[in-house]
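In: quick one: sequence and predicted model below, then my questions.
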Amino acid sequence: MQTGELSQEQIENLPIDISSNKLLDWLIDRRHVNLKWQAAALIVREKINAAIQDMPEVEEIKQLLAGTYINYFHCCRIIELLKVSEADSKNIFGYYSSQRMKDWQEVLRLYEKDSVYLAEAAQMLIRNVSYEIPSVKKQIAKCQQIKSECEKKEKDYVNNAASARDDYHTSCKKLGIKGEKVKAELLDMVRELPTNVFEPVVHKVTGLKDILIYYHEFVKFVSGNPDSDGVSTPILRFVQEHGNATVYQWRTGKEPQTVEEVHLSFLEEEEEVEEGEIDWGDIDAVTDEGIDFGINVEEGGSSINFDIEVADESGGGGIDWGDGGAASMETGTEQLTSKDDGIARGNDSFAVLDHQPTRSVFINELLELEGFLTQRLNEMKDEADILSVNQFQSYITNSLAVSCLLTSHHSSFHQLEGFLTQRLNEMKDEADILSVNQFQSAPAMLQMKTSKEVAAMLDLVKDILAIIMDSRTQHLFLIKNSPKYVDRLTETLKEKLTLAEKMVASQQAVREKGENSLEDARALQPKLNTLIDKTRELQRHIEEDISKRYKNRPVNLMGAINTI
């Protein structure tokens, strides 16, 4: 025997490696099984189905028959057990008279014919390795994935619920309410408007006297009519002099003898109202004469007389401010009385800051003052810059003189000389801005105001605007002007709590879903373990059977079978 050659014994002991996925093809190619083995296998299955109908009460046989696909190796074990249970039916020739034993021996004979059992076992192993086990693993992985996603969603729902609650409490805090009884608390705050809003505003407006005079003088100077008696910002002056008086006093210029306050029923404590029929009013009160709309159609006329008179434009087109500075213009206030009887009724009974039309004019005048003071402050800064320019012009002139002296000694100073000359010419072209400033002829009050004083004026106006333009205050104004707004605002706030409750419900739902998925995964795990064990057992039987066919050479099934 030459070195490197294998001995006969070594050749006989070489292992046979077979790919588990190609096992059936390997058996057919080497003619261990018939190509048409499936037809014979169907006959075997019919025999097995008939045989299992009559089985002895043996526990191990029950376990073999329960929940599994019976193969050749199961049949061999069943016969071994029947040899014990059917021992009484064995005759002196070694044959069994028991029909059970005969049926299963027939099944075993059909299985062994043309090695049908080996082909069926190979097919079962391939199906388990390629389909059954991966399918169960995927189901378990899917359940675990669902559990993981549910945990993430649960955290998101917890965060969203907390965010919705925080948003609700933040909104309530901005409105200045606790959030326990939203609508009742909002209505309580509306009742506190005079104390918490109007009084601070009126107190600060009293400090606007110098600002109003300053603005009035500025308007007179700019308009070129210093003798004009027109009053700018009339409502601000009215509030500054009379406080938060009634619209009647603002409209007529005199205090009312009596104030008939408007009763706002929606500001009272709400009572539960039962749903009933719609109250159509006293329909029977309408007579046969029809409804009187207050329109008279004269006989023989072709037009309707609306009783509207056109005032003479030349008679009183201006505004009569009166002695007290009150305007005779109505500013959106309705005339509810046909004659001035000294009684403030309807909208006339509201305070100036409590009535929406007059309050809008009040805010507009404050914005007008703010814009004026802001512009004036910027102009003052520009004037300060002009003084700096003049100082710089003097500095450039001196530098130019020095440069001329040095030119004869250093030629590098020619560039500096050219720059300074050009800059001086530009400043001369700009001329002295102060000399043409229109405020040189302005009253001393306008010229003597410093930027610090104007900035202080602007800060005071901004403080008043901050109070009355605050979002919380605007909500309260809208609530008082529109009873439906409080319902919408309450509903908006409650939606945040409803959203939080939905998040909590969703959190509970995904938690239950995750727990169910986890239970499904746990239920599938024993099935997977059983399937793997059965496949390993089937692998061992197949390897032993093939090994016998090749003089007990070791047989190894390779590939996916080793990764299950």
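Out: Nice, thanks for sending it over.

In: contact partners for the closest residue to Ala161 other than its chain neighbours?
Out: In space, Ala161 comes closest to Met503 once its chain neighbours are excluded; the distance is 3.6 Å by CB to CB, 6 or more residues apart in numbering. No exception for glycine: its C-beta is placed from N, CA and C like everyone else's. Met503 sits next to Tyr157, Val158, Asn160, Ala161, Ala164 when contact means CB atoms under 8 Å, 6 or more residues apart in numbering.

In: can you turn the buried part of the residues you listed into a ChimeraX selection?
Out: Applied in ChimeraX, the following selects the buried portion of those according to 16 or more other CB atoms under 10 Å:
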select :157,160,161,164
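
In: could the contacts of Met503 go into CSV alongside pLDDT?
Out: Formatted as CSV, the contacts of Met503 follow (pLDDT from 0 to 100):
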residue, pLDDT
Tyr157, 94
Val158, 94
Asn160, 93
Ala161, 93
Ala164, 92
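
In: next, format the contacts of Met503 as JSON lines and append secondary structure and distance to Asn71.
Out: Output for those, formatted as JSON lines (DSSP: H, G, I helix; E, B strand; the rest coil; distance: CB to CB, whole Å):
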{"residue": "Tyr157", "secondary structure": "helix", "distance to Asn71": "50"}
{"residue": "Val158", "secondary structure": "helix", "distance to Asn71": "52"}
{"residue": "Asn160", "secondary structure": "helix", "distance to Asn71": "55"}
{"residue": "Ala161", "secondary structure": "helix", "distance to Asn71": "56"}
{"residue": "Ala164", "secondary structure": "helix", "distance to Asn71": "60"}
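
In: which positions within stretch 364-375 qualify as buried?
Out: Of the residues in stretch 364-375, Glu365, Leu366, Leu369, Glu370, Phe372, Leu373 count as buried by neighbour count, 16+ other CB under 10 Å.

In: that stretch: how far from the chain's middle?
Out: For stretch 364-375, the separation from the chain centroid amounts to 38 Å (computed by CA atoms, centre = their mean, to the nearest Å).

In: same thing with stretch 107-120?
Out: Per CA atoms, centre = their mean, the centroid offset for stretch 107-120 relative to its chain is 68 Å.

In: figure out the length between the terminal residues of it.
Out: Length of stretch 107-120, first residue to last, CA to CA, to the nearest Å: 14 Å.

In: flag every buried residue along it.
Out: So stretch 107-120, judged by 16+ other CB under 10 Å, has buried residues Val107, Leu108, Leu110, Tyr111, Asp114, Ser115, Val116, Tyr117, Leu118, Ala119, Glu120.

In: element containing the fourth one?
Out: Remark: Tyr111 resides in helix 99-112, with elements defined by DSSP states H and E.

In: please export the C-alpha coordinates of the helix or strand that contains Arg237 as CSV.
Out: Element membership of Arg237, judged by DSSP H and E, is helix 234-242. C-alpha atoms of helix 234-242 as CSV (Å, rounded to 0.1, in the frame of the first residue of the first chain):
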residue,chain,number,x,y,z
PRO,A,234,-60.7,111.6,23.3
ILE,A,235,-61.5,108.4,25.1
LEU,A,236,-58.1,108.3,26.8
ARG,A,237,-58.7,111.9,28.0
PHE,A,238,-62.2,111.0,29.2
VAL,A,239,-61.0,108.0,31.2
GLN,A,240,-58.0,110.0,32.5
GLU,A,241,-60.4,112.7,33.8
HIS,A,242,-63.6,110.7,34.7
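
In: show me what secondary structure element comes after it.
Out: Using DSSP H and E, the next helix or strand after helix 234-242 towards the C-terminus is helix 247-252.

In: right, I'll leave it there.
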